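Model the structure of this input:
(one chain, ligands or ions: 1)
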Amino acid sequence: MHELAVTESVIAAISTQLPDSRVVVVHLEIGRLSGVMPDAVRFCFELAGEGTCVEGARLDITEPEGVGDCAACGASFPARDPLALCPCGSADVTISGGADLLIKAVEVADDV
Ligand SMILES: [Zn+2]
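Presented below is the predicted three-dimensional model:
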């Protein structure tokens, strides 16, 4: 399952940077074009987080829309899939947003 691997690498990244902290909130950004299902990440986060510094942490996910930049007419437009066509009809489109999965912020408890 793709999302389990993604979630495990997110948890590994947080554990590496904050080895001695108790994490209370993890803010993730999962672009709509990233191919990652937020609900599956939520499910995996609880399972994979057991016994790690993120156990019991709340997961906050924002899902930015995809953005396509057209090389033909210069427009930026909302892209619903990675092979989006520009409204002008051109397929010479670069996706510039909504394709990433980012750890936006991590909040830790200050009682440790
Ligand atoms: Zn265009």
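
What residues sit buried inside stretch 53-72?
By neighbour count on 16 or more other Cβ atoms under 10 Å, the buried set for stretch 53-72 is C53, V54, A57, L59, I61, P64, G66, V67, G68, D69, C70. Heads up, the C-betas are built off the backbone N, CA and C, glycines and all.

Can you give me the first-to-last residue distance of that stretch?
In stretch 53-72, first residue to last residue: 48 Å (Cα to Cα, to the nearest Å).

That stretch and the ion in contact?
Yes - Stretch 53-72 reaches the ion (Cβ under 5 Å from the ion) through C70, A72.

let's number from 52 now, not from 1
Shifting the count to begin at 52 puts that one at stretch 104-123.

average pLDDT for that stretch?
Averaging pLDDT along stretch 104-123 yields 96.

pull the longest helix from this protein.
Counting residues, the longest helix found in the chain (DSSP state H) is helix 53-68.

Need the contact partners of whichever helix or strand comes after that one.
Note on helix 53-68: by DSSP states H and E, the next helix or strand toward the C-terminus is strand 74-81. With Cβ atoms under 8 Å, 6 or more residues apart in numbering as the test, strand 74-81 has contacts from 61, 65, 87, 89, 92, 96, 104-105, 107-115, 151-160.

again with stretch 127-135
Residues contacting stretch 127-135 (Cβ under 8 Å, 6+ apart): 83-84, 116-121, 137-138, 142, 144, 146-147, 149-150.
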